[in-house]
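Undergrad: Generate coordinates for the sequence data below:
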Amino acid sequence: AEDGRRDTDRSRGRGDVYKRQDLDYVSLTLPRTPTAEEAEKITALAELCSENFADYNAERMARLIKKRMSSGEIFVIAHKNNIAGFIMFSKKNKMIDHIAVSPDYRRIGIASRLMVTAMAQFEVGEELSAVTFRQEHLMSDGVSRMYKKFGFDNEKNIVVRGEPLVRRTAVVPEKAIITE
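TA: Residues are numbered from 1 along each chain as shown. Predicted coordinates:
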């Protein structure tokens, strides 16, 4: 019986390691509101992904991050003390402001999970907009696919501060969008 307990204890110990690893992975699937301490990490990720944002300005971005944190209009997905991705939105303007995913965490569904979570903050039937680069821009291909997946099909070319961009709009659907 004593040997059996030792084996059980040993297997439980190994199981705990697997559970911790699973929890590390699960953190990649759970968007949440950021803590105040994470503002700098979010800002650092925005800087890392700055080529994805039209008319990027570090000070303006840092102010917007703080503003969205104070209004609860930002979600993050964190992993092992890193910000893997974030999304900012404005309920007042019915707009997705920015979405960014660290290059280390791309192509595993983080942007989709963030988008679903942000869209869920709006009423069914509300029209949302997002401003992105136009199709001919280097960074637009994956971004365009992601927005189209969420119904941002209506596109209108615009110019903001001399930058050729596109305003995409979508209606918040009644049913959850399947992201897999």
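
Undergrad: When you work out contacts or count neighbours from here on, use the C-alpha atoms and nothing else.
TA: Will do.

Undergrad: which residues of this structure fall in helices?
TA: If DSSP state H is used as the criterion, the helices of the chain fall at 2-26, 39-48, 58-71, 110-119, 140-149.

Undergrad: The residue nearest to Val143 when sequence neighbours are not counted: neighbour count?
TA: Among residues not flanking Val143 along the chain, Thr132 sits closest, at 7.9 Å (CA to CA, 6 or more residues apart in numbering). A count of neighbours around Thr132, defined by other CA atoms under 10 Å, yields 25.

Undergrad: how close does Thr132 sit to Met88?
TA: 14 Å (CA to CA, to the nearest Å).

Undergrad: Could you do Glu174 as well?
TA: 22 Å.

Undergrad: In terms of neighbours, single out the busier of these two.
TA: Neighbour count, other CA under 10 Å: between Glu174 and Met88, Met88 has more, with 23 against 10.

Undergrad: Run the chain-centre distance for stretch 112-132.
TA: For stretch 112-132, the separation from the chain centroid amounts to 11 Å (computed by CA atoms, centre = their mean, to the nearest Å).

Undergrad: List the contacts of Leu128.
TA: Contacts of Leu128 were listed using CA atoms under 8 Å, 6 or more residues apart in numbering, and they are Lys94, Met95, Ile96, Thr169, Ala170, Val171, Val172.

Undergrad: Which strand residues bridge the residue nearest to the second one when sequence neighbours are not counted?
TA: By that I understand Met95. Spatially, and ignoring its direct neighbours in sequence, Met95 is nearest to Ser129 (4.8 Å; CA to CA, 6+ apart). Bridge pairing for Ser129 (DSSP bridges) gives the partners Met95, Thr169.

Undergrad: same check, this time on Phe89
TA: Ile96.

Undergrad: pLDDT at it, what is it?
TA: If you check Phe89, the pLDDT there is 98.

Undergrad: give the contact list for it.
TA: Arg68, Glu73, Ile74, Met95, Ile96, Asp97, His98, Ala118.

Undergrad: How about Ile83?
TA: Glu38, Lys41, Ile42, Leu45, Val76, Ile77, Ser102.

Undergrad: do that again at 6 Å, thanks
TA: Neighbour list for Ile83: empty [criterion: CA atoms under 6 Å, 6 or more residues apart in numbering].

Undergrad: Quick one, grab the pLDDT at it.
TA: 96.
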